[in-house]
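Asks: everything below, folded, please.
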Amino acid sequence: MNETKENETKPLTAGLRLEHNEASAVQLVLSGEWRKESDRSASSRALGEMRTIKGIRKIVIVGGEIQSWDSILPSFLRVVDAYAAEIQAEIELQELPDGARRLWELSRLAPELPAQSVVREQGFVARLGNVALYARDEFRDALKFLGELFQALRALLRGRANCRRSDFMVALQECGPEALPIITLISLLVGMILAFLGSVQLKLFGVEIFVANAVAIGMLREMGALMTGILLAGRTGAAFAARLGTMQVNEEIDALRTLGFPPMEFLVLPRVLALIIALPLLAIYSGLVGILGGAIVGVTMLDLSPVQYYLQTISSVTPKAIFSGLIKASVFGVLVAFSGCMQGLRCERSASAVGRATTAAVVNAIVYIVVADALISIIYVLIHF
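Replies: This next block holds a predicted model:
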């Protein structure tokens, strides 16, 4: 009974004995319990002593006296193996457990992770230079992608594009009808918000009827195209980048090139055309739903009759407002497809790179849309459109 208690409380020890019999060879004799909870001070001392011996060309590890082991033993073998590679010495295993030997062999097949370099704090000039270099690379890649896209469009107009009609129809289905639910919800809410905010100010002058004008012009000329573009940037642009990025990781795009199918024509062109067609139609739909949301607020909160709101909306809507929104929507469609497809084709060959490409596609598309919207609005003012 007492002997059992003594065995239970006795600390486990991972024994290691260093034998240096030959001039260029050392022998490490392992014994005891090589477990996580074992005392490994003896092994640390033996390794330190081995590092002081010069001219070692062979390290022999003998494990016949090992009583039990866990993951600590393969880890120790990997440390010795790394030291042997450092001093260019041969390593030999004798009488080791089969499991430990197999784990050690597997660990040798795994590539070493590169050491992380210490990130030093950069000054303002260095950060500015890095931003400039990144912007230069982005601009260069964008110009290259744009040139290849124009070549693909020229081939399409000449009837020589290597793309399938079925791919175009699938892309049109994804970025068109399948986007209607989210477009409907957001556009209805935006129209109600515009009507509510407009009514707060117009009530001060007793002209609540002009809420219909503000909502109609705002949705058809500006908000319909802008909100649709942003929504499709997060929905469709991200899907394009993720799908093309995954194909890049799986080397499917390389296989297409090998088979003679240009990725720009076979993969990018159907998606670009689908967005150019779908986004203006969705923008018009978004404007109509936004007008419906404004009508809900006008009828329920401003005591306007449905007929009054309808007639005021019809009188305020002009072809110029509709066409200005359609032009913006067409430009936004090109930008969303451009950003999503370019980031997908630029994706590196790793799973994390797909996530980065998807994020970059969404962020860049939204930035492009906002900048393009501001520029187009300025042009409209200058040409009185």
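
Asks: which parts of the protein are strands?
Replies: 14-19, 25-34, 58-69, 90-94 (DSSP state E).

Asks: dump those strands to JSON lines, plus distance to residue 43 and mean pLDDT.
Replies: All C-beta atoms are positioned from the backbone trio N, CA, C, and that covers glycine. As requested, the strands of the chain are arranged in JSON lines below (distance: least, Cβ to Cβ, whole Å; pLDDT from 0 to 100):
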{"stretch": "strand 14-19", "distance to residue 43": "4", "mean pLDDT": "76"}
{"stretch": "strand 25-34", "distance to residue 43": "8", "mean pLDDT": "81"}
{"stretch": "strand 58-69", "distance to residue 43": "11", "mean pLDDT": "81"}
{"stretch": "strand 90-94", "distance to residue 43": "16", "mean pLDDT": "81"}
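
Asks: winner for burial among these?
Replies: Most buried of the strands of the chain, by mean neighbour count (mean count of other Cβ atoms under 10 Å): strand 25-34, with a mean of 20.

Asks: for that strand, packing partners?
Replies: Judged by 3 or more Cβ pairs under 8 Å, 6 or more residues apart in numbering; DSSP states H and E, strand 25-34 is in contact with strand 14-19, helix 41-51, strand 58-69, helix 72-86.

Asks: got the strands of the chain as JSON lines, with distance to residue 46 columns?
Replies: Converted to JSON lines, those look like this (distance: least, Cβ to Cβ, whole Å):
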{"stretch": "strand 14-19", "distance to residue 46": "4"}
{"stretch": "strand 25-34", "distance to residue 46": "7"}
{"stretch": "strand 58-69", "distance to residue 46": "11"}
{"stretch": "strand 90-94", "distance to residue 46": "15"}
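
Asks: and of the ones you listed, who's closest to residue 283?
Replies: Closest approach to residue 283 among the strands of the chain (Cβ to Cβ): strand 58-69, 68.0 Å.

Asks: give me the sheet partners of the closest one and which way each runs.
Replies: strand 25-34 (parallel), strand 90-94 (parallel) (DSSP bridges).

Asks: which residues touch residue 226?
Replies: 328, 332, 369, 373 (Cβ atoms under 8 Å, 6 or more residues apart in numbering).

Asks: tell me which two in these are the farthest apart.
Replies: 328 and 369 (9.0 Å).

Asks: count residues in the vicinity of residue 301, would you?
Replies: 15 (other Cβ atoms under 10 Å).

Asks: was I right about it contacting residue 197?
Replies: No. Residue 301 is not in contact with residue 197 according to Cβ atoms under 8 Å; the separation is 11.8 Å.

Asks: picking that back up, give the residues shared as contacts by residue 328 and residue 369.
Replies: Counting by Cβ under 8 Å, 6+ apart, the residues touching both residue 328 and residue 369 are 226, 229.

Asks: picking up where we left off before, nearest to residue 296, out of the helices and strands packed on strand 25-34?
Replies: Of the helices and strands packed on strand 25-34, nearest to residue 296 by Cβ to Cβ is helix 72-86, at 67.7 Å.

Asks: ok, residues contacting the closest one?
Replies: Contacts for helix 72-86 (Cβ under 8 Å, 6+ apart): 14, 28, 30, 34-36, 38, 40, 43, 47, 50-51, 59, 61, 63, 66, 89-91, 93, 96-97, 100, 103-104, 107-108.

Asks: same deal with stretch 300-318?
Replies: Outside stretch 300-318, the residues that reach it (Cβ under 8 Å, 6+ apart) are 196, 199, 203, 208-213, 215-217, 220, 291, 294-295, 298-299.

Asks: 10 Å - rerun?
Replies: 192, 195-196, 198-199, 202-203, 208-217, 219-221, 287, 291, 294-299, 324 (Cβ atoms under 10 Å, 6 or more residues apart in numbering).

Asks: can you select the buried ones from those in ChimeraX?
Replies: Command for ChimeraX that selects the buried part of the contacts of stretch 300-318, burial taken from 16 or more other Cβ atoms under 10 Å:
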select :192,195,196,198,199,202,208,211,212,213,214,215,216,217,219,220,221,287,291,294,295,297,298,324
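
Asks: out of the contacts of stretch 300-318, list just those in helices.
Replies: 192, 195-196, 198-199, 202, 211-217, 287, 291, 294-299, 324 (DSSP state H).

Asks: no more questions from me, cheers.
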